[in-house]
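Novice: need a structure here:
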Amino acid sequence: MARKRERQGDKGALRFAKGLAKGKKLLIIDDDPALLGLLKLNLEIEGYEVYSARDGIEGLRCAFAHRPNLIILDVMMPRMDGWTTCQRLRQMGDTPIIMLTAKGAPQDRVKGLSEGADDYVPKPFDMEELLLRIEAVLRRAERPAPEKPLYYDDGWLCIDLPARSVLREGRPVNLTQKEFSLLVYLFTNAGKPLSSAEILDRVWTLEDDPTPDLVKVHIRHLRQKIEREAQNPQYVVTKRGRGYMFCSLKAQNG
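Specialist: All right, here's what the predicted structure looks like:
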């Protein structure tokens, strides 16, 4: 009787998840055509819009083109394995990733999560369990993000986003549109290192023909305009191997 209730509960959860699937885009990256077809069929039945790729390089292109809500990623693939693909995807943004692999050892699970995956499902797997895990990860991703700061003033630097105003020692700072957009992105993510790839994705468009050098040049110009000493920045700092980060002096000074 208990098992019957459990199965009924699982089916009810899946029906609920099916409603949440509407409008959600999933990307599956796996080199096994049979598994790819099986997953695509089951996910489309649930109501998801599904894209697929057979290796990491194709998967990166597909992720950039379609901006999926969640990515299911295999580990063992030709040309680019899942670990490297996961790292590259994390440089592009924070799309949820579920790693799906025959490697089920605890150390592999730890590695997958440390590379930025949100969940790790070993093969062989139960389709209903995978569907529930997808729904759980999507629900976590949809939780309201913390409110972004709109105003900052520590006596030297003042940022007023609603007024689109930046002051240094009370005097207006003349920023270009891209410099202002860059400062806004860094400031609203204060305390979080942002890679050049993330910055390019959020601040520049494809029409700009963006390159990593663009980020370096604009970071340098921004520091020259807002820092006390551009060569010893306090606001826009570099986190080696991780990117650039806005630091609040108010937080540091308590």
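
Novice: strands along the protein, start to end?
Specialist: 25-29, 49-53, 70-74, 97-101, 119-122, 151-153, 157-160, 165-168, 171-172, 236-239, 243-246 (DSSP state E).

Novice: what packs against the second one?
Specialist: If I follow you right, that is strand 49-53. Identification of packing neighbours for strand 49-53 by 3 or more CB pairs under 8 Å, 6 or more residues apart in numbering; DSSP states H and E yields strand 25-29, helix 33-45, helix 56-66. Just so you know, the C-beta spots here come from the backbone N, C-alpha and C atoms, and that holds for glycine as well.

Novice: in the last one, what's buried?
Specialist: The reference is to helix 56-66. For helix 56-66, the buried set under the neighbour-count rule, 16 or more other CB atoms under 10 Å, comprises 56-60, 62-63.

Novice: same check on the second one?
Specialist: Within helix 33-45, the residues that count as buried by 16+ other CB under 10 Å are 36, 39-40, 43.

Novice: let's have the strands of the chain in TSV, adding distance to E229 and mean neighbour count.
Specialist: TSV is the format used below for the strands of the chain (distance: least, CB to CB, whole Å; neighbours: other CB atoms under 10 Å):
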stretch	distance to E229	mean neighbour count
strand 25-29	45	24
strand 49-53	47	19
strand 70-74	42	25
strand 97-101	40	25
strand 119-122	44	19
strand 151-153	19	14
strand 157-160	13	20
strand 165-168	13	17
strand 171-172	17	10
strand 236-239	12	15
strand 243-246	17	20
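
Novice: so for S196, which of the ones you listed sits nearest?
Specialist: Shortest distance between S196 and those, using CB to CB, is found for strand 243-246: 6.3 Å.

Novice: so how far is that closest one off the chain centroid?
Specialist: Its chain's C-alpha centre and that of strand 243-246 lie 16 Å apart, by CA atoms, centre = their mean, to the nearest Å.

Novice: cool, stretch 55-75 as well?
Specialist: For stretch 55-75, the distance to the chain centre is 12 Å (CA atoms, centre = their mean).

Novice: so what's D81 up against?
Specialist: 56, 75 (CB atoms under 8 Å, 6 or more residues apart in numbering).

Novice: same thing but at 10 Å, please
Specialist: For D81, the contacting residues are 55-56, 73-75, 101, by CB atoms under 10 Å, 6 or more residues apart in numbering.

Novice: not counting stretch 233-252 itself, show me its contacts.
Specialist: The contact list for stretch 233-252 (CB under 10 Å, 6+ apart) reads 91, 149, 152-157, 159, 182-199, 215-216, 219-220, 222-224, 226-228, 230.

Novice: what is the burial count for P78?
Specialist: P78 has 10 neighbours, counted by other CB atoms under 10 Å.

Novice: please pick the buried ones from the contacts of stretch 233-252.
Specialist: Buried, going by 16+ other CB under 10 Å: 91, 152, 157, 159, 182-187, 189, 193-199, 215, 219, 222-223, 226-227, out of the contacts of stretch 233-252.

Novice: in helices, which of these appear?
Specialist: Counting by DSSP state H, the buried ones among the contacts of stretch 233-252 place 91, 182-187, 196-199, 215, 219, 222-223, 226 in helices.

Novice: what's the closest of those residues to A117?
Specialist: Q91 (14.2 Å).

Novice: doesn't A197 make contact with the closest one?
Specialist: Yes - using CB atoms under 10 Å, Q91 is in contact with A197, at 3.9 Å.

Novice: could you check the pLDDT of the residue lying closest to G191 once chain neighbours are set aside?
Specialist: With CB to CB, 6 or more residues apart in numbering as the criterion, G191 has its nearest non-adjacent residue at 6.7 Å, and that residue is M245. According to the prediction, M245 has pLDDT 95.
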